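K.L.:
got a predicted structure here, sequence first:
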Amino acid sequence: MPEPINVITSRTITLPQENIDTDQIIPARFLTTTTRSGLGAAAFHDWRYQENGEAISNTPFREEDRASHKILVAGANFGCGSSREHAPWALLDFEFKVVISTKIADIFKGNALKNGLLPVEIDPDTHRYLIENPGMELIVDLANLSVSSPNGGVNANFVVEPFSRRCLLDGVDPMGHLLNQDAKIAAYEARRVTYS
Amino acid sequence: MPLNPIPKTLFQKLWDRHVVVPETAESPAVLFIDLHLIHEVTSPQAFTVMEERGLKVRRPDLTFGTLDHSTPTLPADETGALPYATADAARQVEQLIANCATHGITLFGMDDPRRGIVHVIGPELGLTQPGKTIVCGDSHTSTHGAFGALAFGIGTTEVGHVLATQCVLQRRPKSIRVTFDGALQKGVTAKDMALAMIAKIGADGGQGCAIEFAGEAIRTLSMEGRMTLCNMSIEAGARVGIIAPDETTLTFLRGREFAPKGNAFDAASEDWLSLKTDDGARFDQEVFIDASDIRPMITFGVSPDAAAPVDGTTPDMTAEAEAYMKFKPGRAFAEETVDKVFIGSCTNSRLSDLRAAADIFRGRRVKSGVTALIVPGSEAIRRAAEAEGLHEVFLAAGAQWRLPGCSMCIAMNGDKGDPGELVVSTSNRNFIGRQGAGVRTVLASPATAAAAAIAGHIIDPRPMLEGSS
């Protein structure tokens, strides 16, 4: 169960590229793990390290920014590709709390919400402004569904699927919600048509 | 006259049949899942949650496991040890074996003649059937939609939900119908249809949607071709790709291990053939593609929508893609030299795919310096191919004939390209680094990939097909 989220105030790291897929977020060779912890080391690994293991110097992910830059702003269709939940696990372990784009891929968005990484889809004009101003401080407010900046330069709204929002704000557990439907599931099973 | 009911799409019919609790403004629908497929990579953390919470698997009878992503495609050594890429990969496989044993789940393990890539064996064993809801912790679960099933990929948290409750929480997605009118030209395949469609609507053109494929070119497509097309739906961002069941579907399923038998099959068939979109049903979006216009396609960039006819030249692309792929806009694709060829994956590893490749390889040799890897989708396909002597065609041409698995599609089992290499691949994703760090991936059909292995460069396969019997 993720920690409840309400307001996140932090700085941005910007990646203007479109179609950043889950193989970029965490390359497949790191998927042989059987736990969900410690994947931050693999987050955007090949954007941070050369093939010989040496750190890339001009990466957007600077170690000294980690504690202060918890909002990732990326180009359209962020998180496309595979269904690996390791992608939000890795980003969260890297200390990201929010991902902002104009469009966030379907399965990634669902996975992110279930783990307390807030996916925020905003309008193209605000998005362009954020991309052009890397490192700016933002206030992401899940209760009010707003993104703003302390100086007032940014003021945008976003939508989060209402059940997921309640889960994140109030700490509602989706597994618990499903387990509570037991009688209805049993009734469905009793009337279900099968052919073999 | 009774009032006509409101016309429904195929997707709506499938959805309505599985609603346990309807969707409201506050909560998603609770949908019952008829078939849950699991594999070693996306399930271990879900089983951990089950154990932490003291939960039992609700329907082990509807849950089936296979080993495919991390498994070696080279045989065991003389001691019987399989050449796993890493100790972690072996441990992951051991963990699924243990989890399935603990929870009473049927696992198609390494020694099982039914083992193979999850999206290949579901249909092959007749587990995949029209009208079912099917989920798996894998985005290419859309493959099973080829049978008129509602099939989609889920994350590991949802794998846990399905293990515990046999249900998922879902909002009903928007719908798109993609109609392929007309007939395909000779030498043009379902893979080319998929790439042409993604190039047209974009890698996010179907974001979160359910795509129904319809039209003359779909009705004449084999089940293998339909699977290839539905498989690639996710590369347009769609959650689901579906095709209405017809006689082709029934013929494919009849007699398969888990398909209904005898009278039960007839009863099922009658129901399954009713699963189609009613006349007048409304889609949120309609797309029309003239199938007769489609030529063999390849990708040239780092997203599957960067696709173009193989007999042409590289179009303009993003600076990032150009820097990575080193393809020059305006230069003929035929000038791009190939290092490796991979024929396999849940997209194109079925018997008809291997036959198409063998038609190119027969009587020819893989170009010196090119490595060609042929990886069947399942043990059953491996046996069938060998019974036809296809493996001898591949080996005689100088290609490698491997054991079933995901292999170079996801490159997590040790099968991969080397930095800078150009790989022509029948898989589904040309993302940066997908087939190994620095590897440049070009997606293509089995015929186009095989032709590239022979020529040593990208090439239109059709002239080679003319030369084959």
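P.N.:
Looks like it came in fine.
K.L.:
which parts of the stretch 201-350 of chain B sit against chain A?
P.N.:
B:203-204, B:207-208, B:237, B:239, B:258-261, B:264-265, B:267-268, B:271, B:302-303, B:318, B:320 (C-beta under 8 Å from any C-beta of the partner chain). Backbone N, C-alpha and C define where each C-beta goes, glycine included.
K.L.:
so of those, which ones are in helices?
P.N.:
Secondary structure from DSSP state H places B:Ala264, B:Phe265, B:Ala267, B:Ala268, B:Asp271, B:Glu320 of these in helices.
K.L.:
the longest strand along chain A: partners in the sheet, and parallel or antiparallel?
P.N.:
Longest strand of chain A, by residue count under DSSP state E: strand A:7-15. Paired neighbours of strand A:7-15 in the sheet (DSSP bridges): strand A:71-74 (parallel), strand A:137-141 (antiparallel).
K.L.:
mind putting these in CSV, mean neighbour count included?
P.N.:
What follows is these, written out as CSV (neighbours: other C-beta atoms under 10 Å in any protein chain shown):
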stretch, mean neighbour count
strand A:71-74, 25
strand A:137-141, 19
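K.L.:
would you reformat the ones you listed as CSV and include mean pLDDT?
P.N.:
Putting the strands paired with strand A:7-15 into CSV (pLDDT from 0 to 100) gives the following:
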stretch, mean pLDDT
strand A:71-74, 98
strand A:137-141, 98
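K.L.:
dump the ones you listed into TSV; add distance to B:Glu26 as well.
P.N.:
Putting these into TSV (distance: least, C-beta to C-beta, whole Å) gives the following:
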stretch	distance to B:Glu26
strand A:71-74	28
strand A:137-141	20
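K.L.:
show me the one of these that comes nearest B:Val118.
P.N.:
Taking C-beta to C-beta, strand A:71-74 is the member of the strands paired with strand A:7-15 nearest to B:Val118, at 29.6 Å.
K.L.:
how many neighbours does the residue nearest to A:Ala41 when sequence neighbours are not counted have?
P.N.:
Computed as C-beta to C-beta, 6 or more residues apart in numbering or on different chains, the closest residue to A:Ala41 that is not its neighbour in sequence is A:Asp93, at 7.9 Å. Close neighbours of A:Asp93, defined as other C-beta atoms under 10 Å in any protein chain shown, add up to 18.
K.L.:
buried residues, the longest strand of chain A. List them.
P.N.:
Neighbour counts over strand A:7-15 (16 or more other C-beta atoms under 10 Å in any protein chain shown) mark A:Ile8, A:Ser10, A:Thr12, A:Ile13, A:Thr14, A:Leu15 as buried.
K.L.:
list the contacts of the third one.
P.N.:
This points to A:Thr12. Taking C-beta atoms under 8 Å, 6 or more residues apart in numbering or on different chains, we find A:Thr12 in contact with A:His69, A:Ile71, A:Leu72, A:Val73, A:Ile100, A:Leu130, A:Pro134, A:Gly135, A:Met136, A:Glu137, A:Leu138.
K.L.:
if I pick the fifth one, what's in contact with it?
P.N.:
So the one you mean is A:Ile100. A:Ile100 touches A:12, A:71-74, A:120-122, A:127, A:130, A:138, A:140, A:147, counting by C-beta under 8 Å, 6+ apart.
K.L.:
from A:Phe163, how far out is it?
P.N.:
21 Å (C-beta to C-beta, to the nearest Å).
K.L.:
repeat for the third one
P.N.:
Taking C-beta to C-beta as the criterion, A:Leu72 is separated from A:Phe163 by 24 Å.
K.L.:
and stretch B:431-451, how far from the chain's centre?
P.N.:
Mean-position distance between stretch B:431-451 and its chain equals 15 Å (C-alpha atoms, centre = their mean, to the nearest Å).
K.L.:
one step back: mind giving me the PyMOL select for the residues of the stretch 201-350 of chain B next to chain A, buried ones only?
P.N.:
In PyMOL, this line selects whichever of those come out buried by 16+ other C-beta under 10 Å:
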select buried, chain B and resi 203+204+207+208+237+239+258+259+260+265+268+302+303
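K.L.:
nearest spatial neighbour of B:Ala384, chain-adjacent residues omitted?
P.N.:
B:Leu351 (5.3 Å).
K.L.:
once you drop chain neighbours, what's closest to residue 178?
P.N.:
The chain I'm using is chain A. Closest to A:Leu178 by C-beta to C-beta, 6+ apart is B:Thr165, at 4.4 Å.
K.L.:
wrong one, chain B
P.N.:
B:Val287 (4.6 Å).
K.L.:
can you read off the pLDDT for residue 174?
P.N.:
In the absence of a named chain, this looks at chain A. On pLDDT, A:Pro174 comes in at 95.
K.L.:
not quite, I wanted chain B
P.N.:
With respect to pLDDT, B:Lys174 has a value of 97.
K.L.:
burial of it, as a residue count?
P.N.:
Neighbours around B:Lys174, by other C-beta under 10 Å: 16.
K.L.:
that older thread, pretty sure the residue nearest to A:Ala41 is touching A:Ala43, no?
P.N.:
Yes - A:Asp93 is within contact range of A:Ala43, at 6.8 Å (criterion: C-beta atoms under 8 Å).
K.L.:
and residue 166, how many neighbours does it have?
P.N.:
Went with chain A since none was named. Neighbours of A:Arg166 (other C-beta under 10 Å): 16.
K.L.:
ah, no, chain B please
P.N.:
Neighbourhood size, B:Gln166 [other C-beta under 10 Å]: 24.
K.L.:
list the contacts for it?
P.N.:
A:Ile185, A:Glu189, B:Phe32, B:Ile33, B:His36, B:Arg58, B:Arg59, B:Leu62.
K.L.:
now, which of the residues you listed sits nearest A:Leu169?
P.N.:
Checking those one by one against A:Leu169 (C-beta to C-beta), the nearest turns out to be A:Ile185, at 26.4 Å.
K.L.:
what is the neighbour count of the residue lying closest to A:Arg29 once chain neighbours are set aside?
P.N.:
Distance criterion C-beta to C-beta, 6+ apart; nearest residue to A:Arg29, sequence neighbours excluded, is B:Met412 at 5.5 Å. By the criterion of other C-beta under 10 Å, B:Met412 has 24 neighbours.
K.L.:
helix, strand, or coil at B:Met412?
P.N.:
Under DSSP: H, G, I helix; E, B strand; the rest coil, the three-state class of B:Met412 is coil.
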